[in-house]
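K.L.:
Quick one: sequence and predicted model below, then my questions.
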Amino acid sequence: MNLQLRNKIAVVTGGSEGIGKAVATGLAKEGAKVAISGRRADPLTEVAEKIRGQTAGDVLAIAGDMTGRNDVRRFTDTVLDKWGTVHILVNNVGCAVKALFEELTDENWRSSMEANLYSAIFCTERVLPTMRKQGWGRIINLAAVSAKQPSTHLMASNAAKSALLGFSKTLAREVAADNILVNCVCPGRVLSAQVLELFSETERSAIAEAQIPLKRFGIPEEVADLVVFLSSERSSYITGTVIPVDGGITQGLY
């Protein structure tokens with residue numbers, strides 16, 4: 001299938017590892033020019049070099065904190081100065097705090113909202129005028145199945161990710177007339193640095209056996225494949241959706 005992504009300009013936040021890295025690689029393999037952001041410069045540079053080696057693609061790595069407007073502005077301005085436009089935005093910044101309600105601090109709530117919600121808002125508002133002007137755009141927000149089916153001990157990120165779904169659904173209706181599609185992808189239990197930090201090997205095995213019909217955790221590339229498709233011309237009649245990639249863990253119909 002030709003996804004018609006050659007020479008499209010894609011921005012992927014949180015691109016230094018896990019799902020973000022897999023998405024950036026997948027887009028580059030399809031011929032897109034990709035800009036990635038991350039807080040740590042050295043890992044980000046290493047990932048960019050690896051993607052170039054695998055795909056011979058054009059990859060721009062810019063370190064920055066996407067929860068702050070100044071870094072977001074610097075990142076997006078650099079992309080626009082280099083390539084002149086943005087066709088695809090993948091908002092992949094996120095964090096989770098494992099705690100009960102009474103254990104959560106003001107800082108926990110603030111950081112969860114900033115990473116999971118505000119970063120997507122800040123990046124979207126910077127690239128949306130360009131997308132409107134060209135009459136084409138794709139915005140894919142990475143949430144989590146916990147936005148639909150809250151996970152135990154992850155209250156702050158559950159709340160922030162649910163808010164991201166509401167933001168995305170509302171924005172999709174506002175920008176549809178400009179041929180800009182907005183969708184959410186909700187990974188389930190996917191092997192990543194964050195998951196390895198939150199859950200021990202014993203906990204992961206128990207979760208896979210008891211909760212996941214496919215009896216295993218996913219890998220970042222399984223999420224990335226969907227994100228790349230939603231970034232493409234082939235997804236031209238899909239907007240305002242929330243799509244789980246979770247091995248069947250979500251039990252609700254909606």
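P.N.:
It's in. Residues are numbered from 1 along each chain as shown.

K.L.:
How much space separates Trp27 from Leu191?
P.N.:
Small correction: residue 27 is Leu, not Trp. With distances taken as CB to CB, to the nearest Å, Leu27 is found 21 Å from Leu191. Backbone N, C-alpha and C define where each C-beta goes, glycine included.

K.L.:
The two: which is more packed in?
P.N.:
Leu27 (31 against 14; other CB atoms under 10 Å).

K.L.:
check contacts around that one.
P.N.:
5, 8, 10, 12, 34, 88, 90, 228, 231 (CB atoms under 8 Å, 6 or more residues apart in numbering).

K.L.:
Go through those and flag which are in helices.
P.N.:
Val228 (DSSP state H).

K.L.:
who touches Pro150 in this structure?
P.N.:
158, 162.

K.L.:
switch the cut-off to 10 Å
P.N.:
Going by CB atoms under 10 Å, 6 or more residues apart in numbering, Pro150 touches 144, 157-159, 161-162.

K.L.:
Out of those, flag the one nearest to Pro187.
P.N.:
Distances from Pro187 to the contacts of Pro150, taken as CB to CB, are shortest for Ala144 (6.0 Å).

K.L.:
In this structure, where's the longest helix?
P.N.:
In the chain, taking DSSP H as the definition, the longest helix is helix 155-175.

K.L.:
Return the next helix or strand after that helix as PDB; C-alpha atoms alone will do.
P.N.:
Next in sequence after helix 155-175, counting helices and strands by DSSP states H and E, comes strand 180-187. Extracted in PDB, the C-alpha atoms of strand 180-187 (Å, rounded to 0.1, in the frame of the first residue of the first chain):
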ATOM      1  CA  ILE A 180      -7.100  18.400   8.900                       C
ATOM      2  CA  LEU A 181      -7.800  15.100  10.600                       C
ATOM      3  CA  VAL A 182      -7.400  14.700  14.400                       C
ATOM      4  CA  ASN A 183      -7.300  11.200  16.000                       C
ATOM      5  CA  CYS A 184      -6.200   9.600  19.200                       C
ATOM      6  CA  VAL A 185      -4.300   6.300  19.500                       C
ATOM      7  CA  CYS A 186      -4.600   4.600  22.900                       C
ATOM      8  CA  PRO A 187      -1.800   2.000  23.500                       C
END
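
K.L.:
Can you mark which positions in whichever strand or helix holds Leu196 are buried?
P.N.:
Assigned by DSSP H and E, Leu196 falls within helix 193-198. By 16 or more other CB atoms under 10 Å, the buried positions in helix 193-198 come out as 194-195, 198.

K.L.:
hang on, the earlier thing: quick check, nearest of the contacts of Pro150 to Cys186?
P.N.:
For those, the closest approach to Cys186 (CB to CB) belongs to Ala144, at 5.6 Å.

K.L.:
If you tally nearby residues, what's the number for the residue nearest to that closest one when sequence neighbours are not counted?
P.N.:
Once flanking residues are discounted, Ala144 sits nearest to Lys161: 5.0 Å by CB to CB, 6 or more residues apart in numbering. Counted with other CB under 10 Å, residues neighbouring Lys161 total 27.

K.L.:
what's the answer for Ala177, then?
P.N.:
Ala177: 9 surrounding residues under other CB under 10 Å.
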